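Undergrad: Next input, structure requested:
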Amino acid sequence: MEEEKRKCLYCGEPIIGRVDKKFCCDSCRNSYNYEKTHKQVNVIRRINGILARNHNILVELNPKGKGFASHQQLKEKGFDFKFFTSTYTTKAGAVYHYVYDQGYVPKESDKNTYLLVRNADL
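TA: As a prediction, the model looks like this:
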């Protein structure tokens, strides 16, 4: 019975050497692993960039640790409400969204205005 030829996972060339070898050379192994992880790394980079921008906007609008900002102000500066790092629900049911140490919650009396807070414990 003829032994089946193993092929490189990256370029498809025949593999010579150990039976557990998956690539024909280091270059193919590096290229394969780079392509495999590159998409994941870019997603993480993009999300971290959005979180950093959101954090910077909150810091800029909330220099004293407690303040107010309108929905329009946040949107004009590029704030993305879909991205935050955590939430905190009070006993009264108010849900604070946090971007690291900077939080925001809609005011009860005006849902287009947000109370901005900084969590000093972080």
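Undergrad: Y88 against V117, yeah?
TA: No: taking Cβ atoms under 8 Å as the definition, Y88 is not a contact partner of V117, at 9.8 Å. (C-beta placed from N, C-alpha, C; glycine too.)
Undergrad: which helix of this structure spans the most residues?
TA: helix 26-61 (DSSP state H).
Undergrad: just how off-centre is that helix within its chain?
TA: 7 Å (Cα atoms, centre = their mean, to the nearest Å).
Undergrad: for it, what is the average pLDDT?
TA: Mean per-residue pLDDT for helix 26-61: 93.
Undergrad: Summarise which helices and strands that helix is packed against.
TA: Here helix 26-61 touches helix 71-76, strand 95-99, strand 102-106, going by 3 or more Cβ pairs under 8 Å, 6 or more residues apart in numbering; DSSP states H and E.
Undergrad: Now render the ones you listed as a markdown table, adding mean pLDDT and distance to N56.
TA: Below are those laid out as a markdown table (pLDDT from 0 to 100; distance: least, Cβ to Cβ, whole Å):
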| stretch | mean pLDDT | distance to N56 |
| --- | --- | --- |
| helix 71-76 | 96 | 12 |
| strand 95-99 | 96 | 9 |
| strand 102-106 | 96 | 9 |
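Undergrad: Select, out of those, the one closest to L9.
TA: strand 95-99 (40.1 Å; Cβ to Cβ).
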